[in-house]
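Colleague: How does the following fold in three dimensions:
(one chain, ligands or ions: 1)
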Amino acid sequence: MGGRRIQAYTATGRMDGACPYCQRDLPEWPTRSVPCPHCGNEMLVRTRPLDRERVLVTEADAEMLEMQWELLRERGGASPLRPLLDDEELEAERASLRIRFGREPSQEDVAASLISHRSFEHMRRLELGGYRDFMLAKASLLDQQGKEAEALAGYLGVCFLDLNGARNPPSPGPGGVAVRVAGMVTGFSIDHAFLAPPVIARTLHLIAIADLDEDVVRAVFTGFCERQFQTLRAPLRPHETWPPLGDALFSQG
Ligand SMILES: [Zn+2]
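Modeller: Here you go, the predicted model:
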């Protein structure tokens with residue numbers, strides 16, 4: 001694999017009650033930094049960014065973890081994005097699922113069902129701005145459920161739509177006739193291409209957690225976009241949108 005990499009969050013430190021220097025078992029788990037009773041080296045207690053576990057580390061490890069925390073703060077993507085869904089629409093969806101299931105549906109069922117209905121409607125009408133927002137809600141929901149690999153693919157898909165300038169068609173003009181704007185008939189307008197900073201931040205975070213290199217992420221991106229968006233006839237193909245996206249993700253070290 002020759003792809004670029006970003007600094008990952010690592011499984012540094014020991015969680016098994018052994019000294020991080022001499023690896024020998026400790027009589028008890030230290031609650032604060034103390035010297036090892038066997039080798040005398042100072043063992044530090046730290047929380048690591050990867051999974052928020054408390055671990056015993058060496059002084060060098062502690063510095064590395066501090067650097068990872070610094071990066072995590074800079075990247076700003078430490079919490080899943082919140083799926084933005086309308087409360088009234090959620091209530092209506094809940095009522096219809098309650099009838100279909102014959103029982104109270106779970107919160108997640110309601111959200112997933114609403115997202116799938118609404119994204120399909122928007123896609124059918126080529127309201128690709130709305131479609132993009134529901135694709136983002138879908139990725140965020142998967143992210144909140146801890147399905148990190150699926151969430152990553154979903155966020156990358158949102159970046160693909162953004163780099164193609166996914167837009168809603170112009171609203172009807174005064175006579176009820178759609179105003180024609182060049183380039184808008186397909187629902188894409190690459191003049192409006194952009195990348196959303198919160199989506200990039202969260203994507204970086206998921207890449208750092210899973211420690212993926214650029215080749216792997218590009219393969220996930222291409223595979224997802226080809227499966228999901230082929231029928232949309234986006235002006236730019238996945239391989240054409242990768243260069244700016246790859247730079248946004250991997251040129252920051
Ligand atoms: Zn020791």
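Colleague: which residue ranges form the helices in the protein?
Modeller: 59-75, 87-101, 107-124, 128-144, 148-163, 197-210, 214-229, 238-250 (DSSP state H).
Colleague: Sort out which residues of the shortest one are buried, please.
Modeller: In this case it means helix 238-250. Neighbour counts using 16 or more other CB atoms under 10 Å place 238, 241-242, 245-246, 248-250 of helix 238-250 among the buried residues. Yep, even glycine has a C-beta here, placed from its N, CA and C like the rest.
Colleague: For it, what is the distance to the chain centroid?
Modeller: 16 Å (CA atoms, centre = their mean, to the nearest Å).
Colleague: Could you do stretch 151-164 as well?
Modeller: The answer for stretch 151-164 is 9 Å, by CA atoms, centre = their mean.
Colleague: List of residues touching it?
Modeller: Applying CB atoms under 8 Å, 6 or more residues apart in numbering, the external contacts of stretch 151-164 come out as 80, 128, 131-132, 135-136, 138-140, 142-143, 188, 190, 193-196, 199-200, 202-203, 206-207, 210, 217, 220-221, 223-225, 228-229, 234-236, 238, 241, 244-245, 248.
Colleague: The ion next: which of these are close?
Modeller: Contacts with the ion are made by none of the contacts of stretch 151-164, judged by CB under 5 Å from the ion.
Colleague: How confident is the prediction for residue 247, by pLDDT?
Modeller: pLDDT recorded at residue 247 is 96.
Colleague: rewinding a little: of the buried residues of helix 238-250, which is the nearest to the ion?
Modeller: residue 250 (38.1 Å; CB to the ion).
Colleague: My guess is that closest one contacts residue 5. True?
Modeller: Yes: assessed by CB atoms under 8 Å, residue 250 is found in contact with residue 5 at 7.3 Å.
Colleague: Touching both of those two, which residues are there?
Modeller: Residues touching both residue 250 and residue 5 by CB under 8 Å, 6+ apart: residue 214.
Colleague: Need phi/psi at whatever residue of the stretch 101-250 of the chain ends up closest to the ion.
Modeller: Minimum separation of the stretch 101-250 of the chain from the ion (CB to the ion) falls at residue 211, amounting to 27.8 Å. With angles defined as degrees, to the nearest 10, residue 211 sits at phi 50, psi 60.
Colleague: and the residue nearest to it when sequence neighbours are not counted, how far is that from residue 147?
Modeller: Nearest residue to residue 211 in three dimensions, chain neighbours excluded: residue 8, at 3.7 Å (CB to CB, 6 or more residues apart in numbering). Counting by CB to CB, to the nearest Å, the separation of residue 8 from residue 147 is 20 Å.
Colleague: Quick one: name the residues of the stretch 1-150 of the chain near the ion.
Modeller: So far as CB under 5 Å from the ion goes, the stretch 1-150 of the chain lies against the ion at 19, 21-22, 36, 38-39.
Colleague: Now restrict those to buried residues only.
Modeller: Buried members of these, counted by 16+ other CB under 10 Å: 19, 21, 36.
Colleague: residues of the strand ranked longest in the chain that come out buried?
Modeller: Assignment by DSSP state E gives strand 42-47 as the longest strand of the chain. By 16+ other CB under 10 Å, the buried positions in strand 42-47 come out as 43-46.
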